[in-house]
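Undergrad: Return atomic coordinates for the entry below.
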Amino acid sequence: MERGSSTYSLPSRGGSELGSNYMVETGIYISSIAATIVVAALITIGVLFITMVITLTVMLQSCQNQNTGVLELQKARIEHASCRVLSLQSELDRLEPEFPAICKTGAIQYMELEQYLKDFSLAIRAAKKYFRNLKPKDDGLDAILMDIDGGMLSSQPLRQTHLLKQIFHKNDEKEEAEEGLHPVNVHLLDLYSMLQSSGWSLILISRMPERQRNATIESLISAGYRGWSIIYMRSESEMQMEDWEYFSTKQAALQRVGFRVMSVISRELDALRGSSSGNHVFKLPNSRYYKLINDLRVLNERPSGDATFSFSD
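TA: This is a model prediction of the structure:
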């Protein structure tokens with residue numbers, strides 16, 4: 001059997017309007033509605049695909065930004081830890097390490113009173129909690145030795161904050177320092193008043209020479225400090241002593257006359273060294289950033305290119 005053409009003809013009906021010949025060809029017939037649906041589906045798929053590509057791009061960019069942020073945060077933490085180690089090393093051993101310029105940002109942030117004030121407030125709060133549970137005897141011989149240098153007499157936090165603004169924000173050079181006590185000094189005066197009202201004998205000690213006694217007393221009174229038992233200033237022979245040795249000598253002298261040194265409060269570690277440092281010691285925050293700020297001032301006045309500076313008394 002032979003295969004003929006696949007085209008068939010339909011006989012026409014004579015005289016009829018439908019008498020035309022129809023040829024059926026091989027193919028696919030799609031109605032206009034079906035075509036519209038197919039086109040709409042293709043457009044929808046295309047839009048979804050583009051949306052998916054955009055979403056993936058945004059997600060990848062977000063992940064990249066997150067990773068960058070994490071790396072920057074880790075880098076900042078490492079730099080901060082390095083600066084803290086150098087600061088502590090300087091304070092412990094009286095060393096003068098080269099202090100990298102990367103610590104400048106940390107110094108600014110710390111000394112703009114946010115973290116520093118928080119640290120100081122926590123230290124004062126801990127001291128208050130301790131002394132609330134400890135009552136002195138009625139003989140007046142239970143004493144607390146308080147280091148007044150860099151604390152009671154100091155407006156340093158206030159001055160250094162404005163110095164920072166002058167160094168790194170030139171538009172603030174004409175800004176005047178605020179009047180009154182710095183919040184750090186307010187916290188310290190509050191602790192002093194609490195100890196005094198609780199019946200403790202307050203022994204004040206300074207590294208400054210004896211010839212500055214009158215000026216020191218006037219400064220203490222003007223800052224609100226009154227009613228101390230003894231105030232120690234350095235004699236000429238004591239000026240040659242190491243600070244820790246000077247403090248130990250004065251504590252031993254207090255014990256010889258009957259005082260019981262129950263605690264020592266200071267911002268400097270040298271005041272807390274030795275065997276006569278009391279039953280409890282309180283190290284108040286005293287960042288080496290103070291000296292860093294002074295060095296920054298000097299560095300700021302030098303020609304560019306000197307990227308390091310050191311702690312120096």
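Undergrad: Show me which helix or strand of this structure is least confident by mean pLDDT.
TA: strand 308-310 (a mean of 36; mean pLDDT, DSSP states H and E).
Undergrad: Could you report the neighbour count for residue 125?
TA: 12 (other CB atoms under 10 Å). (C-beta placed from N, C-alpha, C; glycine too.)
Undergrad: Could you list the low-confidence segments of the chain?
TA: For the chain, the stretches flagged by pLDDT under 70 are 1-30, 64-82, 84-114, 153-182, 274-278, 287-313.
Undergrad: can you give me the strands for it?
TA: In the chain, the strands defined using DSSP state E lie at 98-100, 142-147, 201-209, 230-234, 260-266, 280-283, 308-310.
Undergrad: Give me the sheet partners of the fifth one and which way each runs.
TA: Take DSSP bridges as the rule and strand 260-266 pairs in its sheet with strand 142-147 (parallel), strand 280-283 (parallel).
Undergrad: quick one: which of those strands is nearest residue 42?
TA: In terms of CB to CB, the element of those nearest to residue 42 is strand 280-283, at 74.2 Å.
Undergrad: coming back round to it: return the most buried member of the strands of the chain.
TA: Here the criterion is mean neighbour count by mean count of other CB atoms under 10 Å, and of the strands of the chain the winner is strand 142-147, at a mean of 24.
Undergrad: Now do that one: everything it contacts.
TA: Identification of contacts with strand 142-147 by CB atoms under 8 Å, 6 or more residues apart in numbering yields 136, 152, 192, 195, 199-206, 229, 247, 250-251, 254, 259-268, 271, 278.
Undergrad: hmm, back to that, out of the strands paired with strand 260-266, nearest to residue 215?
TA: When those are compared by CB to CB, strand 142-147 sits nearest residue 215, at 17.7 Å.
Undergrad: quick revisit: Serialize the strands of the chain to a markdown table and add fields for distance to residue 60.
TA: Formatted as a markdown table, those follow (distance: least, CB to CB, whole Å):
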| stretch | distance to residue 60 |
| --- | --- |
| strand 98-100 | 35 |
| strand 142-147 | 57 |
| strand 201-209 | 60 |
| strand 230-234 | 66 |
| strand 260-266 | 54 |
| strand 280-283 | 49 |
| strand 308-310 | 40 |
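Undergrad: Residue 124 is nearest to which of the ones you listed?
TA: strand 280-283 (8.7 Å).
Undergrad: could I get that closest one in PDB with only the CA atoms?
TA: Extracted C-alpha coordinates of strand 280-283, given in PDB (Å, rounded to 0.1, in the frame of the first residue of the first chain):
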ATOM      1  CA  HIS A 280      40.700  46.400 100.800                       C
ATOM      2  CA  VAL A 281      42.000  48.500  98.000                       C
ATOM      3  CA  PHE A 282      40.000  50.400  95.400                       C
ATOM      4  CA  LYS A 283      41.700  51.200  92.100                       C
END
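Undergrad: So what touches that strand?
TA: With contact meaning CB under 8 Å, 6+ apart, strand 280-283 is reached by 123, 126-127, 130, 262-267, 269, 272.
Undergrad: Do a quick rundown of the helices in the protein.
TA: Assigned by DSSP state H, the helices in the chain fall at 32-93, 103-111, 115-132, 156-168, 183-197, 213-222, 243-256, 289-301.
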